[in-house]
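Chemist: show me how the following folds:
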Amino acid sequence: MISSGKAAQFLTDSDSKAFDLEHRRKIRFNIGKYNAAVQTGLGWYRDHELARSRAAYRKSQIVNNLDQYLLQWEENFTKRGGKVIWAQDAKEALTEIGKIVARKRARAVVKAKSMTTEEIHLNHFLEQNGVESVETDLGEYIVQLNGERPYHIVTPAMHLSKKDIADIFVKHLHIEPTDDAQKLVYTARKLLRGKYTSAEVGITGGNFLVADVGGVAVTENEGNARLSATFPRTHIAVVGIEKLIPSLQDLDLFWPLLSTSGTGQQLTVYNTVYLGPRQPLEKDGPDEMYVVLLDNGRTNLLAQPDKREALQCIRCGACLNVCPVYKNIGGHTYEATYSGPIGSVITPHLAGFEENKHLSYASSLCGACSSVCPVRIPIHNILLLNRQQAVKEHFNDKEEERGIKLWLYGMKHRWTWGLAPTSAKNWVLDRLLGQVGWSKRRESMQLAPKSFRQQWKERAKK
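Modeler: I've put the predicted structure just below:
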């Protein structure tokens with residue numbers, strides 16, 4: 001497939017990262033640790049496959065009845081004084097968040113780890129409007145200091161070694177050089193503690209929206225989300241509309257699946273369900289709580305029955321950790337909020353199909369991603385459907401279309417291949433393989449001087 005624009009940059013960056021041995025060493029070391037922990041965690045399940053099937057069924061119920069569950073959740077959340085903002089796209093979400101921050105005259109915002117806020121580029125928006133936005137998750141804080149986007153859905157700084165992190169802290173926080181991980185963590189903790197108490201607004205995401213109680217369930221390991229949602233007087237949660245689960249009881253199924261698939265833990269350290277602002281007899285919590293329900297292209301997927309299973313994703317990151325492509329080219333190469341297999345599935349629908357169609361070709365289709373998905377999303381099948389859509393909507397390269405038509409004609413009229421000399425066939429083969437990068441690091445393929453058809457005829461004559 002000939003590429004241009006973002007696709008060409010993707011190929012360039014992929015080539016660079018795949019042959020960066022130090023980068024591959026770091027990511028394989030870190031992913032290897034996670035994979036080992038996940039295998040241990042799976043051993044705690046009596047029947048993990050049954051848990052996956054139940055989770056897939058419950059999420060399928062949600063996706064196929066999303067309108068009903070959204071209204072149920074909104075009704076229950078607003079009963080306790082919560083306020084809901086429906087955002088069709090990133091622009092609407094940012095505008096509404098900007099209004100809230102302006103009303104509160106906020107000069108600083110503390111943010112818990114949230115991929116939806118990355119999706120709408122919230123930090124950049126707030127900084128443009130003179131508001132300091134500080135990531136409080138340690139990994140997110142590190143990549144924010146370094147001016148990078150998160151590398152991984154679950155582990156934002158997976159690509160950095162301890163030395164890399166120390167160098168970042170020395171450069172941006174002006175500490176003494178150290179190789180002591182505890183000192184690095186203490187430095188970040190000391191700085192962030194003051195941010196929690198001075199920020200006027202706290203922003204989180206939401207792992208699940210619990211329909212029957214109108215709750216926002218957040219799972220984390222550091223406690224930074226609790227601090228971000230408790231100290232500031234205003235709490236804003238930005239959550240994708242697909243994050244619903246039917247009932248509070250379902251957390252018994254989804255919280256362990258999420259943690260085990262993502263990090264190998266039986267359960268993450270902190271699990272909280274936010275039900276709205278502080279009630280009259282409650283001792284802590286924000287005065288106001290807003291939830292921004294973000295569409296931003298999700299209904300594009302919902303409208304396609306053969307692809308809507310992708311909305312069942314719980315963002316565990318398991319598919320990234322087993323993907324042979326991701327383990328070679330890394331997360332930043334995708335130039336998208338969501339990287340790896342699930343990112344290649346959903347990004348074209350969330351961020352523009354024509355500009356991001358190339359991501360669905362960045363897969364070996366080995367099916368490893370589908371085999372580990374805790375909600376049984378057939379990721380590799382949907383990648384094929386995305387490719388099919390790109391062809392149907394004529395987003396593929398014109399020369400590719402001509403090449404396929406020529407090949408199809410030749411397969412239907414086999415005699416035409418015999419008309420061309422071997423040298424002409426080799427020229428076409430070199431051109432086609434060169435476009436996909438085959439010849440860059442391999443010898444050119446050469447056809448035999450005589451075709452099988454010719455050799456068979458000669459043998460028959462003998």
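
Chemist: on the three-state scheme, the residue nearest the centre of the chain is what?
Modeler: Centroid check for the chain by CA atoms, centre = their mean gives Y338 as the closest residue, at 2.4 Å. Three-state assignment for Y338 (DSSP: H, G, I helix; E, B strand; the rest coil): coil.

Chemist: got phi/psi on it?
Modeler: Phi and psi for Y338, reported as degrees, to the nearest 10, are phi -110, psi 120.

Chemist: so what's it up against?
Modeler: For Y338, the contact set (CB atoms under 8 Å, 6 or more residues apart in numbering) comprises M115, E119, I153, I346, T347, L350. (C-beta placed from N, C-alpha, C; glycine too.)

Chemist: same list, those, but as TSV with secondary structure, pLDDT and distance to P177 please.
Modeler: Below are the contacts of Y338 laid out as TSV (DSSP: H, G, I helix; E, B strand; the rest coil; pLDDT from 0 to 100; distance: CB to CB, whole Å):
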residue	secondary structure	pLDDT	distance to P177
M115	helix	96	32
E119	helix	97	36
I153	coil	94	31
I346	helix	97	41
T347	helix	97	38
L350	helix	95	41
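
Chemist: of all those, which comes closest to E92?
Modeler: E119 (13.0 Å; CB to CB).

Chemist: since we're on the closest one, how many residues are nearby?
Modeler: Close neighbours of E119, defined as other CB atoms under 10 Å, add up to 22.

Chemist: how about it: what's its closest non-neighbour residue?
Modeler: Excluding the flanking residues, the one nearest E119 by CB to CB, 6 or more residues apart in numbering is T337, at 4.5 Å.

Chemist: mind checking pLDDT for that neighbour?
Modeler: At T337, the pLDDT value in this model is 95.

Chemist: how far away is it from H124?
Modeler: According to CB to CB, to the nearest Å, T337 and H124 sit 13 Å apart.

Chemist: name the helices or strands packed onto the strand or helix carrying K33?
Modeler: In the assignment (DSSP states H and E), K33 maps to helix 21-42. Helix 21-42 makes packing contacts with helix 6-18, helix 251-263, helix 318-322, helix 326-329 when contacts are defined by 3 or more CB pairs under 8 Å, 6 or more residues apart in numbering; DSSP states H and E.

Chemist: out of the ones you listed, which comes closest to R414?
Modeler: So among the helices and strands packed on helix 21-42, helix 6-18 is nearest, using CB to CB, at 33.4 Å.

Chemist: list the buried ones in that closest one?
Modeler: Neighbour counts over helix 6-18 (16 or more other CB atoms under 10 Å) mark K6, A7, F10, L11, D13, S14, K17, A18 as buried.

Chemist: and these as CSV, adding pLDDT and distance to N35?
Modeler: Listed next are the buried residues of helix 6-18 as CSV, based on pLDDT from 0 to 100; distance: CB to CB, whole Å:
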residue, pLDDT, distance to N35
K6, 91, 30
A7, 90, 30
F10, 94, 25
L11, 89, 28
D13, 93, 25
S14, 93, 22
K17, 93, 20
A18, 91, 20
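
Chemist: good, wrapping up.
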